[in-house]
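S.K.: Here is the input, now give the coordinates:
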Amino acid sequence: MYENLTSEYKFFGNIINGSHCQFADPNETPCELGETLACASNVYISRAQQQARVIALLKPWLDFWLKRDCDAITTFYTNAANNLVNIDTLQNKIITCAALSTITAVRNTNSLKAKIFPNPSNGLFTIEINENYKMASLSVLDLTGKIVDYKEFNNQPLINLDYSFLAKGIYQIQVRTEKDNYFSKIIIQ
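M.R.: Presented below is the predicted three-dimensional model:
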C-alpha cells in the first residue's frame, strides 16, 4: 500500500509487536480472545503502549498537515527518532515546512473556468466563474469527505462565501454547472 501511494510526502510506521485488536474496544468485541487463540505464540505490547506510540506520531503529523503547524513536523521527527526501537519506519522524502505550500490531495481537473480568491484566507472567499451558466451547485467537503456546506446559484459571475465559522484547515470545493465542473481546495487559516 505504501509503495502505491502517489504522494511524495509519505511515512510508514510499523508498531513493533502491535496488534490491530489494541484499537478495538475490549468491552465491545472479542478481538483479543480470537487473537490469543489464533496467534498463541505472539507477544503483544499493551493497549496503552501501542496507542501512545501511535499518538506520538499521528498527532504531530496531523497538526502539521491539517493545522499547518510548522513546528509539528519537528516534533514528529523527534518522536519517531525517540521510538526507533519500538517502531520500524520507512519514508521517501524528508518533510519540511516547504511541503505546506505544495498542493496535495486534490487534483486540479477543472473544465469550468473559475477561480477562488483569496486563498488561503480567514474564511472569506470569492469564486469568480468566467462562463455563462444557468444553475450551479457548490459543495464544500472536509478532509473526511463529509459535506460541510451546499449552496445553489443562478447565473452569478461572482459568489461571496463566508466559511469563517469552519475550523482552520484544508477543504475541498466542488462547483458543478449543467455543462462543466470545477474542483479545488480552500485553506482556512
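S.K.: Just read off the phi/psi values of the most centrally placed residue in the chain.
M.R.: Nearest to the mean C-alpha position of the chain, counting by C-alpha atoms, centre = their mean, stands Leu143 at 4.9 Å. When read as degrees, to the nearest 10, the backbone of Leu143 gives phi -70, psi -10.
S.K.: next one: Thr75
M.R.: Phi and psi for Thr75, reported as degrees, to the nearest 10, are phi -60, psi -40.
S.K.: now it, nearest residue through space, not along the chain?
M.R.: In space, and not counting its chain neighbours, Thr75 is closest to Pro60: 4.1 Å by C-beta to C-beta, 6 or more residues apart in numbering. Every residue, glycine included, has its C-beta placed from N, CA and C.
S.K.: so the one you found touches Ala72, yeah?
M.R.: Yes: contact criterion C-beta atoms under 8 Å: Pro60 and Ala72 qualify, at 4.2 Å.
S.K.: low-scoring pLDDT stretches of the chain, where are they?
M.R.: Applying pLDDT under 70 to the chain flags the ranges 2, 6, 26, 32-41, 92, 101-111.
S.K.: how about 80 then?
M.R.: 1-10, 20-43, 88-94, 97-112, 143-145, 179 (pLDDT under 80).
S.K.: How is it divided into domains?
M.R.: 11-101, 114-188 (automatic domain parsing).
S.K.: Dump the ones you listed into CSV; add distance to Leu5 as well.
M.R.: Below are those laid out as CSV (distance: least, C-beta to C-beta, whole Å):
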stretch, distance to Leu5
domain 11-101, 9
domain 114-188, 16
